[in-house]
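K.L.:
what follows is a predicted protein model with its sequence.
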Amino acid sequence: MATKTRRALNRKKRMEFRIITMTVLCLLIVASFGKMKLQQKNQQYQKQEEELLAQIDAEEKRTKEIEDLDKYMQTKKYVEEVAKERLGLVYKDEILFKAKE
């Protein structure tokens, strides 16, 4: 009878070991899938970060161009160009030649 009890205990221990092993394997599988998803999200975020940095660079260049244009618009040369092009104004001693159309 002692051998039956020992056999039953050994079977029970083996069954418990199998259950624990299966549980650990399941946890490892779930963790692996979670890791893969996180890596994919990380790659997406890195691409998005690169795109945003490129947009920031483009906007900084555009801001610089606007600032340069603003400075140019404050000059006398710009005022003269606009007066000549849009209003057709000239200095008193200037002669204006126009081509026939």
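P.N.:
Here it is on my side, so go on.

K.L.:
max-length helix in this structure?
P.N.:
Criterion DSSP state H: the longest helix present in the chain is helix 2-73.

K.L.:
mind checking what helix or strand follows it in sequence?
P.N.:
The helix or strand immediately downstream of helix 2-73 is helix 76-87, counting by DSSP states H and E.

K.L.:
so that following helix versus helix 2-73, what angle?
P.N.:
80 degrees (axes from the mean of the first three to the mean of the last three Cα atoms, to 10 degrees).

K.L.:
contacts for the helix or strand of the chain with the lowest mean pLDDT?
P.N.:
Taking mean pLDDT, DSSP states H and E as the measure, helix 76-87 is the helix or strand of the chain with the lowest mean score, a mean of 86. For helix 76-87, contacts defined as Cβ atoms under 8 Å, 6 or more residues apart in numbering pick out Tyr72, Leu89, Val90. Where C-beta positions appear, they are placed from N, C-alpha and C, glycine not excepted.

K.L.:
quick one: the first one from Ala8, how far?
P.N.:
Right, Tyr72. 95 Å (Cβ to Cβ, to the nearest Å).

K.L.:
how about the second one?
P.N.:
Computed with Cβ to Cβ, the distance linking Leu89 and Ala8 is 112 Å.

K.L.:
ditto for the last one
P.N.:
As for Val90, its distance to Ala8 is 115 Å (criterion: Cβ to Cβ).

K.L.:
what of Lys77?
P.N.:
103 Å.

K.L.:
and Lys84, by the same measure?
P.N.:
Here Lys84 is placed at a distance of 108 Å from Ala8 (Cβ to Cβ).
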